[in-house]
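Colleague: what follows is a predicted protein model with its sequence.
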Amino acid sequence: MVNRTTQPPGDLASNSVMLVLRIGRIGNRRKVPTALVEVDADPDAVHVGKELLESPELKAVQTEDDAIRRWVYARSLPSYGTLRDGVYRVPLALVDDVDTELEAFRARRDALVTTFLTRYPAMVDEARDRLRALYNPADYPRLDQVTAKFTFSYRYLTFMTPETLSARLLSRERAKAAAEVSTEVEEIKVALRTGFAELVAHAAERLGEKPDGKPVTFRDSMVTKLTDFFGFFAARNLVGDEELAALVERARESMQGVTAQVLRTDDVTRASVKETLDRIKTEMDTGLMVRPSRRLILDRPVEVTT
């Protein structure tokens with residue numbers, strides 16, 4: 001259980017590590033040559049793609065890959081702009097949990113990949129019949145080549161200024177590192193506030209009523225995303241944002257023990273939670289929100305694999 005007490009702002013480098021996560025798989029789409037596309041239009045203006053394999057097995061691998069990225073992201077610090085795709089800053093308090101889940105993911109993914117590879121030769125034959133004139137043998141590598149495309153690796157890194165530098169260079173590099181950390185701290189603060197504000201606004205809207213007086217529908221994931229944010233906020237709040245912590249705690253208390261089913265069936269609880277979230281949303285809109293100086297991407301992009 002993560003302690004909900006807000007941590008004081010400290011050195012990000014000593015309270016977190018970098019996780020470098022690399023996940024690869026084969027791509028399943030190719031561009032159809034313009035010569036094979038017959039349309040009454042400028043060929044250069046038409047772009048048609050084809051699905052190489054009709055494969056629930058490959059989609060299962062992709063779904064698992066996307067899920068682990070989202071899982072890791074929810075437990076990482078939102079350091080956009082300073083970290084490249086596939087690199088996450090993970091609070092030390094959550095590293096053991098993250099590592100355990102990554103190893104479990106490896107086992108699940110290996111089983112899914114094995115299932116896909118077992119079916120791959122038959123799926124190539126099926127693609128020949130399904131695509132007919134659009135079938136191109138060059139789009140389908142040998143089984144050993146396909147196997148090599150499915151990769152998964154991760155490692156933890158820390159970044160420190162080398163003490164072996166000259167005094168002049170050491171001073172300069174420390175100053176540069178301090179400036180970068182200062183920028184990252186502000187990005188984390190803004191991103192945490194923005195992420196929470198979006199969750200609150202969405203939930204408040206979905207807990208309302210339609211024009212006809214009937215309740216607006218919502219998915220269970222709406223509640224899950226909020227409770228996940230509550231659960232990991234203290235560990236992620238390495239910037240010591242006390243104002244945001246107070247609002248998160250109010251929202252958490254209002255939803256203590258509340259499930260999606262309760263919100264659907266208990267009108268009193270639903271109205272109470274909505275009232276709290278509406279108030280928090282108003283406070284954030286009128287005073288707490290610090291707008292980023294550049295666009296923040298709140299859903300980390302999925303790495304493109306080929």
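Modeller: Happy to help now that I have it.

Colleague: can you list the buried residues in stretch 60-74?
Modeller: Buried residues in stretch 60-74, counted by 16 or more other CB atoms under 10 Å: 60, 61, 62, 64, 65, 68, 69, 72, 74. Glycine gets a C-beta too; all of them are placed from N, C-alpha and C.

Colleague: does residue 262 touch residue 273 like I think?
Modeller: No - the criterion here is CB atoms under 8 Å, and residue 262 misses it with residue 273 at 9.2 Å.

Colleague: okay, the two: which has more neighbours?
Modeller: residue 273 (22 against 14; other CB atoms under 10 Å).

Colleague: can you give the contact residues for whatever helix or strand that one lives in?
Modeller: Per DSSP states H and E, residue 273 falls inside helix 267-283. Under the criterion CB atoms under 8 Å, 6 or more residues apart in numbering, residues 197, 200-201, 203-204, 207-208, 215, 247, 250-251, 254-255, 258, 262-264 lie in contact with helix 267-283.

Colleague: in helices, which of the buried residues of stretch 60-74 fall?
Modeller: Counting by DSSP state H, these place 60, 61, 62, 64, 65, 68, 69, 72, 74 in helices.

Colleague: pull the residues that contact stretch 138-158.
Modeller: 13, 17-26, 30, 52, 61, 90, 95, 102, 105-106, 109, 113, 117, 120-121, 124, 127, 305-306.

Colleague: please state the offset of it from the chain centre?
Modeller: Here stretch 138-158 is found 21 Å from its chain centre; the criterion is CA atoms, centre = their mean, to the nearest Å.

Colleague: can I get that stretch as CSV, trimmed to CA atoms?
Modeller: The C-alpha trace of stretch 138-158 is given here as CSV (Å, rounded to 0.1, in the frame of the first residue of the first chain):
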residue,chain,number,x,y,z
ALA,A,138,8.2,-10.2,-50.2
ASP,A,139,5.8,-9.0,-47.5
TYR,A,140,6.2,-12.2,-45.6
PRO,A,141,9.6,-13.0,-44.1
ARG,A,142,10.8,-16.4,-43.1
LEU,A,143,9.6,-17.7,-39.7
ASP,A,144,13.0,-17.2,-38.1
GLN,A,145,13.1,-13.6,-39.3
VAL,A,146,9.6,-13.0,-38.0
THR,A,147,10.6,-14.5,-34.6
ALA,A,148,13.5,-12.1,-34.4
LYS,A,149,11.1,-9.1,-34.7
PHE,A,150,9.4,-9.9,-31.5
THR,A,151,11.7,-8.3,-28.9
PHE,A,152,11.3,-7.2,-25.3
SER,A,153,13.9,-5.7,-23.0
TYR,A,154,14.1,-3.2,-20.2
ARG,A,155,16.8,-1.8,-18.0
TYR,A,156,17.2,0.8,-15.3
LEU,A,157,19.5,3.8,-15.5
THR,A,158,20.6,6.7,-13.3
